[in-house]
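J.: I would like to see how this sequence folds:
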Amino acid sequence: MKIDKFLAAFDDPEFIHSREARTIRILSEYLEPEKRFRERNIQHTVVFFGSARINPDDTNMSHYYHEASEFAFHLAGLSREIEKETGSPFYICTGGGPGIMEAANQGAARAGMPSIGLNIDLPFEQDPNKYITPDLMFKFHYFFMRKLWFLYQAKAIIIFPGGFGTMDELFETLTMVQTRKMEKINIPILLYNREFWNDIVNFDRLVRDGLIAPEDLDLFHYFSTVQEGIDILKPQLISVIKNVHRLLEFKFPI
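T.: I've put the predicted structure just below:
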């Protein structure tokens, strides 16, 4: 029997990229980010979701880009303040692409703070933006593993206007908190620009038709200015980060 190659299985690209090795690839997308986060002692994040299609020169929507950047800039300042009080900062985390994601990474970079980009393989709209801290730039193949890392260390979720992807991220987060699959049930979920979201989703109709409970509307807050967002987040972030070691942070069902 002739053997054309003599490789350990984990060194064999043909095997590693095969259907049979899918579980290895999935596990790698959990273990490799975990290793990097542990090495940097990153325990807390504030996650920005929003459209990849909003750019700083778009006359109709560009204000969202600049507002997201400014909010991230001020959150970086809040992170420094909280680090002095608690000994532990938080990091801005995005999907790593253009649009609102780029804006948030840009705001953090402008403030001199490192930030995270959780990129994913897509046929369009997902080249890494230049503002991500290089050693905190990640690339995922599996959406569900990327989503795990969005929420695993999140202490707040900030959602700017966006399309299908943003809606998916918003409703998945709300569902996990509502059903208590995510133990951080008091995590702040902030939606930027009440007028936009009221046009897109009729939450009151969902309550009126009995599809969600009235108290489910308390799972999120609207904000329209940087200061309003900071006022909502600051006390909650300080409380959570101060008590992080005695809180049950996050639990996935087995």
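
J.: what about the strands in the stretch 1-150 of the chain?
T.: Along the stretch 1-150 of the chain, the segments classed as strands by DSSP state E, counting those that start in this stretch run 45-49, 91-94, 115-120, 137-140.

J.: Just give the strands next to the second one in its sheet, each with its orientation.
T.: Each strand that pairs with strand 91-94, with its direction, by DSSP bridges: strand 45-49 (parallel), strand 115-120 (parallel).

J.: Check the gap between residue 190 and residue 28 for me.
T.: Distance, residue 190 to residue 28, by C-beta to C-beta, to the nearest Å: 32 Å. C-beta here means a position set from N, CA and C on the backbone, and glycine is covered the same way.

J.: between those two, which one's more packed in?
T.: When residue 190 and residue 28 are compared on other C-beta atoms under 10 Å, the one with more neighbours turns out to be residue 190, at 19 against 15.

J.: among the strands paired with strand 91-94, which is the most enclosed?
T.: When you average the neighbours per residue for each of the strands paired with strand 91-94 (mean count of other C-beta atoms under 10 Å), strand 45-49 leads with a mean of 26.

J.: Could you report the neighbour count for residue 138?
T.: 22.

J.: beta partners for it?
T.: Bridge pairing for residue 138 - DSSP bridges - gives residue 118.

J.: ok, now which ones touch it?
T.: 33, 36, 96, 116, 117, 118, 119, 149 (C-beta atoms under 8 Å, 6 or more residues apart in numbering).

J.: Among those residues, which one sits closest to residue 52?
T.: residue 96 (9.9 Å; C-beta to C-beta).

J.: ok now do the closest one, which residues does it touch?
T.: Per C-beta under 8 Å, 6+ apart, neighbours of residue 96: 105, 116, 117, 118, 119, 120, 126, 128, 129, 132, 137, 138.

J.: what's the lowest-pLDDT member of the residues you listed?
T.: Among the contacts of residue 96, residue 126 carries the weakest pLDDT, at 66.

J.: So for stretch 14-21, what gets flagged as buried?
T.: Across stretch 14-21, burial judged by 16 or more other C-beta atoms under 10 Å covers residue 21.

J.: As CSV, could you dump the C-alpha coordinates of it?
T.: Provided in CSV are the C-alpha atoms of stretch 14-21 (Å, rounded to 0.1, in the frame of the first residue of the first chain):
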residue,chain,number,x,y,z
GLU,A,14,-7.9,17.9,3.9
PHE,A,15,-9.2,16.2,7.0
ILE,A,16,-9.5,19.3,9.2
HIS,A,17,-11.7,20.9,6.5
SER,A,18,-13.8,17.8,5.9
ARG,A,19,-17.3,17.1,7.1
GLU,A,20,-16.0,14.5,9.6
ALA,A,21,-13.9,17.1,11.4
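
J.: got the contact list for it?
T.: With C-beta under 8 Å, 6+ apart, stretch 14-21 has contacts from 9, 10, 24, 25.

J.: which one is the last one nearest to, not counting chain neighbours?
T.: Just to be clear, that refers to residue 25. Spatial nearest neighbour of residue 25, chain neighbours left out: residue 141 (6.7 Å); criterion: C-beta to C-beta, 6 or more residues apart in numbering.
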